[in-house]
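A.B. asks: I'd like to go over a predicted model; first the sequence, then the structure.
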Amino acid sequence: MSERTLNEIIDQRKEKIKTLVADGINPYPHKYDRSHTVTDALDQFDDIEGKEGIRLAGRLMSRRVMGKASFANIMDGSGRIQLYLSREELGVDVYTMFKHLDIGDFIGVSGLLMTTRTGEKTLKVLELTLLSKNIRPLPNVKEKDGQLFDGFEDKEQRYRKRYLDLIVNPDVKETFIKRARIYKSIRNFFDTHDYLEVETPILQPLYGGASARPFKTHHNSLDMELFLRIADELYLKRLIIGGFEKVYEFSRNFRNEGMDRTHNPEFTAIEWYEAYVDYFFLMDQVEAIFKHLAHDLGQDVFEFNGHEIDLTKPFHRATMAELVQQYAKVDLSTADAVDLLAVCRENKIDAATDANYGQLLDALFDELVEPNLIEPTFVTEYPKAISPLAKPKRDSDGTFVERFELFIAGAEFANAFTELNDPIDQRERLEAQSALRSAGDEEAQTLDEDFLQALESGMPPTGGVGMGLDRLVMLLTGNRSIRDVLLFPQMRPESKG
RNA sequence: GGUCGCGUAGCUCAGCUGGUAGAGCAGUUGACUUUUAAUCAAUUGGUCGCAGGUUCGAUCCCUGCCGCGAUCACCA
């Protein structure tokens, strides 16, 4: 649409390139030696003010031409600085070339730092080099005192052309810098606790470790179907079996499900496993990681989903049954599946007539409890029926397993269990899942014979946690959409109607 | 997938109860040696998301489609 107009501008700029080349100017030179980044130069201003030979480079972001003198701003990866250019200092040819530059061009500038009449630290330019000519106009954003005018705000365009979003919307850059700091902080936590960072297959012959529909692909040489992993759990357990006692992996997972504000087809989770520990240990550890993150980010309180969350306060703990009893107002000491189904119906909660006790309890929890869990809360003791990889609760009748999920602001942040290491029990449970699949439940887990054989070789008592990283970044950066914390979120292809 | 909303110049937006479009910035040309959303003057630029329908006439009303957003459903 309106390609013609845009093409006119592009054609004009291509003409400019021809003119430059005719004048002996290379519009795309190979390098430029900087003496400072913009921010370094500004930080060291007092020491280097007035010295010649300060060499900066960056993208031209604005320009104010006043006859024989001009001001401009360039931006590099560290920040922005104002330039002062005069015909007298630069000479007619270079000054004229400057006047014909476009916003979006990269330039190298050499000169000296000075302060303007209005007190702004500025580079007086003595030499100017074109570093890369822009031919496609950038979104036109004006900026004053950090405030943006006429911004680049179309969400669709921002996601599709993230590079433009990053150029003109500084807070977007901040989000992804923070994301990297969060990763670094988590790595640091595990590395200092003697965990081994590992990589396991993304292409898997069978998918497991979670309940979700997979993406399928095909390997030509082997002529076999492969799946993109939905989780790395079963491979990390194989490593525990193999003798690594503490492992973690940042796992890009792929789930062939719906997309919305909190779901992207590919997302990142971190999973970690440690031999000889149980879920009580893991709860303390997860809480420690959140406090470690808050410390590293230098922030205690985070605003998320309209709530203020203080991560330094102790996290709550309650069993799923206690919470359902409290919020659904049902006496679980006497209630059976029939009673729970009745409560579901009373609350207009969708539940299959043949759903079992565990599934019904989970349904009630999802609907009536989850949205109320604002303060960080560990929910413990999940029904075995919905936890095929978790170990039954010790000293109990086996209805519940040793599992917890962490909820903050009504959203789930971590899922962990004392891992099931009884190979006979595990086989039975996966066979039951397999039966559910045969009955049409596409999200029931697969029976991974190789994994079961691994378990039969013996896995020590083990605790494991999975934590969604994207959601964590949303919490810690105050973003309400997963697309705002993914550099390149999945989008539908653009088409012309 | 359901419901609601949105889609007009490169960007941000106007456009009345239907009469085939405007502004600011960006671009182009000119003026200007301390500006900073620079200013001043002139000027280029549009298949109004796409396709149908109603109408003498549609950016506007109707239907379908495409894309985005919100929400619900689904989703360890």
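C.D. replies: Okay, I see it. If you're wondering where the values come from, they're calculated on a predicted model, not measured in any experiment.
A.B. asks: and A:Phe413, which of the three is it?
C.D. replies: Recorded secondary structure, A:Phe413: strand (DSSP: H, G, I helix; E, B strand; the rest coil).
A.B. asks: Spatially nearest residue to it (excluding sequence neighbours)?
C.D. replies: A:Leu406 (4.6 Å; C-beta to C-beta, 6 or more residues apart in numbering). C-beta here means a position set from N, CA and C on the backbone, and glycine is covered the same way.
A.B. asks: cool, and A:Met474?
C.D. replies: Sequence neighbours aside, A:Val485 is the residue nearest to A:Met474 in space, at 5.4 Å (criterion: C-beta to C-beta, 6+ apart).
A.B. asks: Show the contacting residues for the one you found.
C.D. replies: By C-beta atoms under 8 Å, 6 or more residues apart in numbering, the residues touching A:Val485 are A:Thr175, A:Phe176, A:Arg179, A:Asp470, A:Val473, A:Met474, A:Thr477, A:Asn479.
A.B. asks: My understanding was that A:Leu90 contacts A:Leu126; is that so?
C.D. replies: Yes: if you go by C-beta atoms under 8 Å, A:Leu90 and A:Leu126 touch, sitting 7.3 Å apart.
A.B. asks: Now the common contact residues for these two.
C.D. replies: With contacts taken as C-beta under 8 Å, 6+ apart, A:Leu90 and A:Leu126 have no neighbour in common.
A.B. asks: Helices of the stretch 351-497 of chain A, start to end?
C.D. replies: A:357-364, A:423-438, A:449-456, A:469-477 (DSSP state H, counting those that start in this stretch).
A.B. asks: on that earlier part again, which of the contacts of A:Val485 ranks first by neighbour count?
C.D. replies: Within the contacts of A:Val485, neighbour counts (other C-beta atoms under 10 Å) peak at A:Met474, which reaches 26 neighbours.
A.B. asks: pLDDT wise, what is A:Tyr357 at?
C.D. replies: Per-residue pLDDT puts A:Tyr357 at 85.
A.B. asks: Identify the spatial nearest neighbour of it, chain neighbours not counted.
C.D. replies: Nearest residue to A:Tyr357 in three dimensions, chain neighbours excluded: A:Ala337, at 4.3 Å (C-beta to C-beta, 6+ apart).
A.B. asks: Need the phi and psi values for that neighbour.
C.D. replies: Here is the backbone geometry of A:Ala337 (degrees, to the nearest 10): phi -60, psi -40.
A.B. asks: buried stuff in the top helix by length along chain A?
C.D. replies: Using DSSP state H to define each element, chain A has its longest helix at helix A:170-192. Neighbour-count burial for helix A:170-192 flags A:Val172, A:Thr175, A:Phe176, A:Lys178, A:Arg179, A:Arg181, A:Ile182, A:Tyr183, A:Ser185, A:Ile186, A:Phe189, A:Phe190 (criterion: 16 or more other C-beta atoms under 10 Å).
A.B. asks: Could you point out the helix or strand that follows that helix?
C.D. replies: Sequence order places strand A:196-197 as the next helix or strand after helix A:170-192, per DSSP states H and E.
A.B. asks: Show residues contacting the next helix or strand after that following strand.
C.D. replies: Where DSSP H and E defines the elements, the next helix or strand beyond strand A:196-197 is strand A:203-204. Contact with strand A:203-204 is made by A:Thr217, A:His219, A:Leu226, A:Phe227, A:Leu228, A:Arg229, as judged by C-beta under 8 Å, 6+ apart.
A.B. asks: Can you select the buried ones among these for me in ChimeraX?
C.D. replies: Here is the ChimeraX selection string for the buried members of those, based on 16+ other C-beta under 10 Å:
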select /A:226,227,228,229
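A.B. asks: Export the contacts of strand A:203-204 to TSV and append columns for pLDDT.
C.D. replies: Formatted as TSV, the contacts of strand A:203-204 follow (pLDDT from 0 to 100):
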residue	pLDDT
A:Thr217	90
A:His219	93
A:Leu226	93
A:Phe227	93
A:Leu228	93
A:Arg229	93
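A.B. asks: what's the most distant pair in the contacts of strand A:203-204?
C.D. replies: Farthest-apart pair in the contacts of strand A:203-204 is A:His219 and A:Arg229; separation 14.7 Å (C-beta to C-beta).
A.B. asks: tell me the contacts of A:Pro214?
C.D. replies: A:Tyr207, A:Phe227, A:Leu228, A:Arg229, A:Ile230, A:Phe254, A:Arg255, A:Asn256.
A.B. asks: what's the spacing between A:Lys31 and RNA strand B?
C.D. replies: Separation of A:Lys31 from RNA strand B (C-beta to the nearest atom of the strand, to the nearest Å): 26 Å.
A.B. asks: do A:Gly58 as well
C.D. replies: 15 Å.
A.B. asks: Where does the stretch 151-300 of chain A get nearest to RNA strand B, residue-wise?
C.D. replies: For the stretch 151-300 of chain A and RNA strand B, the shortest gap (C-beta to the nearest atom of the strand) falls at A:Ser211, measuring 3.0 Å.
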